[in-house]
Structure formats: structure tokens, C-alpha cells
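Structure here, sequence nowhere to be found:
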């Protein structure tokens, strides 16, 4: 309870501010409507109207909550109006991209740690790849793949991988390099092979770094997938849901999709946290 | 296997260094870490290397273990080059820090070199039991390093170095990070272990009493360039209770070592 109290206080403050902002931002439209109907609104009526509009500038928290609830549980899971269905489309591409990105990141990190040439040649390119705005590269990836007849999951997964390999790469390079001189000397005094040093020393040493990177990478994967769903009028996925919401001024729909994405990201990060805890505990690293 | 006998302690010579030179190329120019080092270490010797920082004592130990390569001179270990001896797994090396893997239990840590060297599982198990017994850690095999005190961790790291039956044990300030009381106990335990196992031990230290108490041979070194200034064969008996440190013989030997260190410093 003592731990929940500060969190709840902040949450409450956010909700209060949000309601205030909703009233303030939606007031203009309510007043315009009233003026057109030649009526004036009491403060009470004004507030009530700002919080119940169909297409508010800023939907009130309860409207978003209801939109989210309806999207998640009010529809058949196979319906195109279901956030579960859209979420699944996004999730599958996210996981595919996350897997590709993680694999690429680890592979490159292993190469960088073991080869001086790769150390000097790969890292600048990896950094450069991340300095390109993903919004610029995403439509091109989609278009290039589409022209080759590939649509759907794969191009989105590539964009997700583009974003997610980098944190894994950086974390793993750091992690694989944590063993100090003394531990490497010990290995040498036992005449250990490079593979033995890798599997028995470098890899286990790097795991705490790997998990920290994976948490960043999975969130980045989700962002990459959603960005990949925005261009070219995709019809499925949380990104598409955001886009169609903005086409038709369905602000409640946008916010619901946003929250769905946020919840999905939180769940993924938590899932990795659980795996991390189990692994480190099994290794005797958690105390 | 060279039978070449040397006068002092009568054993077979295990390590022979002739005119060893080692120069490191650093950003600030070359550093002369070892100059003209000559030393013979016999089977069963306990040799301490003592001297101020920068005198090359650690570097020399590392050279024996083939962790550094001399730029001049001739060094043989068991009649082989240091690197061949390393590949033949002739050394157990103990550093100042225990260097135990936190994700392995004490048994798992001792098992590590054995796994790397390809010992069978049953053999590993039996060796682990034996060395744990030897360093007085029987029953602690299932613990993780962090559950043990610093002194126990260092004992575990010695057990790890003993597990694969290397006949040379190289120890680089193994007790340097421990407090005086623990250090005394471990010194005593190390002597006992040395007697039981008949290993040849190379031991780097900063401490005069430690060097005098443990060694059959004390090598005094001095810096810039790192070199040997004095080699003292200990007249102390093999049987050494801790109280021996209050005897006149011990004090006289400690004095001789201190004089040796002072002479080395006179040069610069």
C-alpha cells in the first residue's frame, strides 16, 4: 500500500489534469454548437457537453477507457473493429522483427568482439543506421517489398528489426567485453580455446546486459512495427487503427489504439523482465 | 625433464631463466620491465618475489606463465618453452582477486578448468572433493561465491588452481586484499598445503614477513629497470609454526631482505 500510494497520487493528478484539458479544449466546439442553435450554455451544461462529444479534440479519460474496453472485449476477436485482432497483427510482426533484430544484434556483437576489422567497420554503420529517421526509411521498405510482391508481416518486421538490433548490439558488445584481463588470463593459463572462452565466460557475463537491451529492443520493435503500419494505407494493425482514426477524426479510436499499444509494450517488457528474473535466478546471479 | 642439478636445494630444476629481458612499448616510449634476470627454481621450491611496485615481480611471474613474452634471453619450464608448458597445463595461476564466476557454485568454479581440459565427469567430481578438502572448504562446494568470505573465496581459487594437478603454482599477491588475521591463517594453510602436495610455488608479495615466513628462496627485486638484486636461500627449518616469526633467525632474515630492498633503492 505504501508503495502504491505515490503511484496512485500521480495517476489521480494526471486524470484531473486530463479532464481539465478535455473541458478546456472541447469547449470551443460546444460553444459554437450552442451559438448556432441560438442558446447559451450554463457552466454545468458546458462541462457535460465537452465530456460527451463524439469527436472531441481531446477525449475524456472515461471515453478512452470505454473505447478501449469496447475494442478489447466488446467485439468478436476476429472482427476488424477488435483491438485484439489489430493488436495480434501488430504483435506478430513485432515478435518477428524482435527475433530478427536480436539475432542480428547478437551476431554482429560476437563478430565485433572477436574481430578487430569488424570492430572498426561495423560500428560506424550501425550508428549511422540509427541516425536515419525511421519515418523516412519505413515507407521505402514497404514500397520496395510491395513491388517485389511481399506485403504484410515481413516488411513491418524488417522495420522493427532495423530499430531493435541496435540496442542489442550495443548491449552485447558491452556485455561480451565485461570479463576483465584477469579472467581472460586465467582462461589462457588453462589453455582454453576461443569457443570455450566465449561459451563459458563471455556469454554468461553478458546476460545481464543482454536482458537490459532486450527490454529496450522489444519496445523499439513495437514502435517500428506501428510506424511500418502507417504508410501505404495498411488496413490491419494498431498503426492502421491510428491512421484510420486520424483520417476520420475518430479521436477516441486513436487514443484507444494508443493505449492498446502502450499496454502491449508494457506487457512485452514485463514478460522479458520475468524471463530475466528466472534466468538470473537459475544462474545464481539474483540474490 | 632436464636432470641438471644446481647446488642450493638439490632438487631438479623446473624453471630456468637466463638473461631475461622484457621491454614494453608504450605510448610514453619503451619501458624496461625486466633486465638481465637470471634464476633457477628447483622442484619443490617455494620462491617469493619481493620488491616495490614496478620492480617486475608480477611481470616475471607472468613471463613464466607465458602471459608475457620476453624480448630477450632464454626461459625454460620443465625443459620446454613457457608457452609449450602452458599448453601442457603445467601451471595453476592464482591472482590477487579470486576471480570466481558468480554464476557458478564453488564446485562449479573448480570444475571450470577441468571441463576446459576435458576431464570426465566422475574424475571432475572426485578431484573437486579432494581439493576442497585440501583447502579446508569441504562442504562448501554447493555455495555461491558471494555466500563465502573473502578468505574462503581465495582458498576456493587456490583449490581451482590445484584441481588439475599442475606441478607449478604461481601466485600473484594472492592474499594482498585480505586483512592481517585472515592472511596469517592462510599463510599457515598454504605452507601446509605446499608440504602435502610438493608443488613448486612462485609467490609474489609486498610483505617482508610473508615472504620470509613462506619461502625457501627469497628473490629481492628493484625497479627501473626491473631486475633481481639479491637471492636469499632461507635457513629456516621446514617446520614453521606462526611463532617462528619471533625467533632471532626469522628477524635476522627479515632484516637481510629489508637491507636488500634498500640497496635496490639506492641505485635510482
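Yep, it's here. The structure displayed is predicted, hence computed values, not measured ones. Numbers count the residues shown, from 1 in each chain, chains lettered A, B, ... in the order given.

Need the contact partners of the helix or strand containing residue A:142.
For residue A:142, the element it lies in under DSSP states H and E is helix A:134-147. For helix A:134-147, the surrounding residues in contact (C-beta atoms under 8 Å, 6 or more residues apart in numbering or on different chains) are A:151, A:154-156, A:158-159, A:162-163, A:223-224, A:227-228, A:230-232. For glycine as for every other residue, the C-beta is placed from the backbone atoms N, C-alpha and C.

Buried ones in that helix, by neighbour count?
Judged by neighbour count using 16 or more other C-beta atoms under 10 Å in any protein chain shown, the buried positions of helix A:134-147 are A:134, A:137-138, A:141-142, A:145.

Tell me how far whatever residue of the stretch 151-268 of chain B ends up closest to chain A lies from residue A:200.
Here the residue of the stretch 151-268 of chain B nearest chain A is residue B:164; by C-beta to the nearest C-beta that distance is 7.7 Å. From residue B:164 over to residue A:200 the distance is 15 Å, taken as C-beta to C-beta, to the nearest Å.

Likewise for residue B:59?
Residue B:59 is 27 Å from residue A:200, by C-beta to C-beta.

Spell out which parts of the stretch 101-250 of chain A neighbour chain B.
A:182-183, A:185-192, A:196, A:200-201, A:204 (C-beta under 8 Å from any C-beta of the partner chain).

packing partners for the host helix or strand of residue A:126?
Using DSSP H and E, the secondary-structure element containing residue A:126 is helix A:116-131. For helix A:116-131, the helices and strands in contact under the criterion 3 or more C-beta pairs under 8 Å, 6 or more residues apart in numbering or on different chains; DSSP states H and E are helix A:83-114, helix A:153-176.

For the shortest one, buried residues please.
Put plainly, it is helix A:153-176. Applying a neighbour-count criterion of 16+ other C-beta under 10 Å, the buried positions in helix A:153-176 are A:153, A:155-176.

cool, stretch B:197-210 as well?
B:197, B:199-205, B:207-210.

Next up, the contacts around residue A:7.
The contact partners of residue A:7, taken as C-beta under 8 Å, 6+ apart, number zero.

does it sit in a helix or strand, and which one?
Per DSSP H and E: residue A:7 is located in helix A:4-36.

helix or strand right after that helix?
For helix A:4-36, the succeeding helix or strand toward the C-terminus, using DSSP H and E, is helix A:43-50.

Could you list every helix and strand in contact with that next one?
In this structure, helix A:43-50 makes packing contacts with helix A:4-36, judged by 3+ C-beta pairs under 8 Å, 6+ apart.

The helix it packs on relative to helix A:43-50, how many degrees between them?
Between helix A:4-36 and helix A:43-50, the angle formed by their directions is 100 degrees, by axes from the mean of the first three to the mean of the last three C-alpha atoms, to 10 degrees.

Domain map for chain B?
Residue ranges for the structural domains of chain B, counted by automatic domain parsing, are given in the record as B:1-90+B:166-268, B:98-165.

Rebuild these as a markdown table, extending it with mean pLDDT.
As requested, these are exported to a markdown table (pLDDT from 0 to 100):
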| stretch | mean pLDDT |
| --- | --- |
| domain B:1-90+B:166-268 | 84 |
| domain B:98-165 | 91 |
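
possible to save those as JSON lines with distance to residue A:55?
Formatted as JSON lines, the entries for the domains of chain B read as follows, by distance: least, C-beta to C-beta, whole Å:
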{"stretch": "domain B:1-90+B:166-268", "distance to residue A:55": "68"}
{"stretch": "domain B:98-165", "distance to residue A:55": "56"}
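
Next up, phi/psi of residue B:176, please.
Backbone torsions of residue B:176, given as degrees, to the nearest 10, read phi -60, psi -30.

unless I'm mixing things up, it is touching residue B:186, no?
No - Residue B:176 is not in contact with residue B:186 according to C-beta atoms under 8 Å; the separation is 11.2 Å.

The two - which one has more neighbours?
Neighbours around residue B:176 and residue B:186, counted as other C-beta atoms under 10 Å in any protein chain shown, are more numerous at residue B:186. The numbers are 22 against 16.
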